[in-house]
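*Asks:* coords please:
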Amino acid sequence: MRSAKIVAGFLGLASVCGMGQRVCAQAPAAGKNKRIVIAASTVLDGKGKVLRDARIVVEGEKIAAVETKIDKGAGPVDYDLRGLTVLPGWIDAHAHITWNFGKDGKNAGMGGTSQEDAYQSASNAWVTLMAGFTTIQSLGAANDIPLRDAIAKGKLAGPRILTAVEPLFGQGEKTGTPEEIRAFVRKQKQASADAIKIFASQSIRQGGGMTLSQEQLNAACDEAKKQGLRTLVHAYKDAVRAATLAGCTEIEHGTLATDDDLKLMAEKGTYLDPQAGLIIENYLLHKEQYLGTPGYTEEGFAAMEKILPMNHELVQRAVKTPGLKMVFGTDAVAGAHGRNAEEFIDRVRDGGVDPMAAMVSANSLGAEAMGMADVIGTISPGLQADIIALDGDPLKDITAVRRVVFVMKGGVVYKNVARGAIPAYAGVQP
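*Replies:* Coordinates of the predicted model:
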């Protein structure tokens, strides 16, 4: 009965958190004003620094203090995470949290608003949080909104969600005139979008050709800025440069971008969110569940096998581009929820990314790209108490990202198996 009530609340909840509001009402009231002290021998602060023998003091939803000079007479500790690696909760800049497999086991895409869809989406959110991701950007579907708002109000346990609601699909002249595109952007603002998702290219499975003109991209990204919204552009090949010149915020994917394109992005301050491996690996792993559903053909799967090394090569070149800001995104769809951290392994192993840079990309840099650097992404006083712990050191062994044993979001502990405790649900602490 409890689960049914949760899902009913998810489906019926009105939108309360959009329109540029970055942090909404946080989960259970029981954690609002509680003071919590965490002891840690190794802390990655989210900006590239390692702190040793620290105490993190949490009051309510926020970090109140980070102490590195501990008096012998210091007070008691609530959570002893010494021997683990403590760091800010991860940020996934690109996921599709409501994508599920249907009753027939096949890809159902973003699903709908049935009770079963709601259960699956709630489960996606839960396993993503348990994997250490305390904030994600879901790009995007209208049914992201009730899930986003249910989590923000404490009705469900899951990561903080930012959504693009309805994407702008590039179809050349059919997409509309520049003024019609501007009207579309304003419509998403009114629908409580946190960002604007733009498809400026075909799927890479179809060649990745450009589907919007420079003039159309200029209009979309300019209007979004006027509305106080960021733009995230699905772009390959020529669309990468076009979106950068249009002043868009972030390039998603970017496969087949040239070195000159990457340099231009660095000059313009455009963020890059490449996918080094997880998304294609997930498709190949679940081939039978995707094959035959809209957009997934045998030809497309053959293309993906060729594209995977291209994605590795893009990340390798991006790492060598001075000043290029590369954030962490997975494009997690059905089958990948809760496995988001595998992308870290791909980036380090196959893309040549330094392990610390990989962590920062999903912490302070990810927060900066979302315009939330003063809210999340760093273990620092005044920021949200989004704190996770790993059994192992990802700087020495990147596979430690698979072993998340502690998860706190907004001052509420959702998981604590560091000392054999049972994971909490919906903020009820063990």
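
*Asks:* where does the residue nearest the centre of the chain land in three-state SS?
*Replies:* Nearest to the mean C-alpha position of the chain, by CA atoms, centre = their mean, lies residue 92 at 1.8 Å. With DSSP: H, G, I helix; E, B strand; the rest coil as the basis, residue 92 sits in strand.

*Asks:* That one touches residue 362, doesn't it?
*Replies:* Yes. In this structure residue 92 lies within contact range of residue 362 using CB atoms under 8 Å: 7.1 Å. For every residue, glycine as well, the C-beta is placed using N, CA and C.

*Asks:* Which neighbours do the two have in common?
*Replies:* Common contacts of residue 92 and residue 362, defined by CB atoms under 8 Å, 6 or more residues apart in numbering, comprise residue 328.

*Asks:* Which helix in this structure has the most residues?
*Replies:* In the chain, with assignment by DSSP state H, the single longest helix is helix 298-319.

*Asks:* just checking, residue 150 touches residue 156?
*Replies:* Yes. Using CB under 8 Å, residue 150 is in contact with residue 156, at 4.6 Å.

*Asks:* Now do the strands in the stretch 301-430 of the chain.
*Replies:* 325-326, 387-390, 404-409, 412-416 (DSSP state E, counting those that start in this stretch).

*Asks:* Turn the ones you listed into a markdown table, including distance to residue 135.
*Replies:* Listed next are the strands of the stretch 301-430 of the chain as a markdown table, based on distance: least, CB to CB, whole Å:
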| stretch | distance to residue 135 |
| --- | --- |
| strand 325-326 | 17 |
| strand 387-390 | 12 |
| strand 404-409 | 8 |
| strand 412-416 | 14 |
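
*Asks:* Please identify the buried residues of stretch 294-314?
*Replies:* 296, 300, 301, 303, 304, 307, 308, 311, 312, 314 (16 or more other CB atoms under 10 Å).

*Asks:* my bad, stretch 317-335
*Replies:* 317-318, 321, 324-335.

*Asks:* Of all the strands of the stretch 301-430 of the chain, which one comes closest to residue 126?
*Replies:* Nearest to residue 126 among the strands of the stretch 301-430 of the chain is strand 412-416 (8.8 Å), distances taken as CB to CB.

*Asks:* Now do the closest one and strand 404-409, the angle between them.
*Replies:* Going by axes from the mean of the first three to the mean of the last three CA atoms, to 10 degrees, strand 412-416 is angled at 170 degrees with respect to strand 404-409.

*Asks:* let's have the chain start at 2 instead
*Replies:* In the new count, where the first residue is 2, that last one comes out as strand 413-417.

*Asks:* Now find how far off-centre strand 413-417 is within its chain.
*Replies:* Using CA atoms, centre = their mean, to the nearest Å, the mean C-alpha position of strand 413-417 is found 19 Å from that of the whole chain.

*Asks:* Mind giving me the packing neighbours of it?
*Replies:* Counting contacts by 3 or more CB pairs under 8 Å, 6 or more residues apart in numbering; DSSP states H and E, strand 413-417 packs against helix 116-131, strand 405-410.

*Asks:* hmm, back to that, return the subset of the buried residues of stretch 318-336 lying in helices.
*Replies:* 318, 319.

*Asks:* I'd like the distance between residue 254 and residue 150.
*Replies:* Distance from residue 254 to residue 150, counting by CB to CB, to the nearest Å: 28 Å.

*Asks:* And for residue 405?
*Replies:* Distance, residue 405 to residue 150, using CB to CB: 25 Å.

*Asks:* Now do the same contact list for the closest residue in space to residue 241 that isn't next to it in sequence.
*Replies:* Closest residue to residue 241 apart from its sequence neighbours, by CB to CB, 6 or more residues apart in numbering: residue 258 at 4.2 Å. For residue 258, the contacting residues are 237, 238, 241, 242, 252, 266, 315, by CB under 8 Å, 6+ apart.

*Asks:* Out of these, which is nearest to residue 106?
*Replies:* residue 237 (30.1 Å).

*Asks:* Let me see the confidence value for that closest one.
*Replies:* The per-residue pLDDT reported for residue 237 equals 94.

*Asks:* Which parts of the chain belong to which domain?
*Replies:* 30-89+378-417, 91-370 (automatic domain parsing).

*Asks:* most packed of those domains?
*Replies:* Most buried of the domains of the chain by mean neighbour count (mean count of other CB atoms under 10 Å) is domain 91-370; its value is a mean of 21.

*Asks:* what distance separates that domain from the centre of its chain?
*Replies:* From the chain centre to the centre of domain 91-370 is a distance of 9 Å (CA atoms, centre = their mean).

*Asks:* and what of stretch 75-92?
*Replies:* 23 Å.

*Asks:* what does stretch 373-384 give?
*Replies:* 16 Å.

*Asks:* what sits up against that stretch?
*Replies:* Residues contacting stretch 373-384 (CB under 8 Å, 6+ apart): 23-24, 44-48, 52, 57, 63-67, 87-90, 92, 135-136, 161, 364-369, 385, 387-388.

*Asks:* hang on, the earlier thing: can I get the strands of the stretch 302-431 of the chain in a markdown table including mean pLDDT?
*Replies:* Shown next, in a markdown table, are the strands of the stretch 302-431 of the chain (pLDDT from 0 to 100):
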| stretch | mean pLDDT |
| --- | --- |
| strand 326-327 | 98 |
| strand 388-391 | 98 |
| strand 405-410 | 98 |
| strand 413-417 | 97 |
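
*Asks:* Can you check which of the ones you listed gets nearest to residue 271?
*Replies:* Of those, nearest to residue 271 by CB to CB is strand 326-327, at 7.8 Å.

*Asks:* Are there helices or strands packed against that closest one, and which ones?
*Replies:* Using 3+ CB pairs under 8 Å, 6+ apart: strand 326-327 touches strand 272-274, helix 299-320, helix 365-370.

*Asks:* cutoff 10 Å now
*Replies:* Counting contacts by 3 or more CB pairs under 10 Å, 6 or more residues apart in numbering; DSSP states H and E, strand 326-327 is packed against helix 260-269, strand 272-274, helix 299-320, helix 356-362, helix 365-370.

*Asks:* low-confidence ranges in the stretch 102-251 of the chain?
*Replies:* 113-114, 174 (pLDDT under 70).

*Asks:* hey, where'd the helices end up in this structure?
*Replies:* Under DSSP H, the chain gives helices at 3-13, 116-131, 145-153, 179-191, 215-227, 239-246, 260-269, 279-286, 288-291, 299-320, 343-352, 356-362, 365-370.

*Asks:* Select, out of these, the one closest to residue 411.
*Replies:* Closest among the helices of the chain, using CB to CB: helix 145-153, at 9.8 Å.
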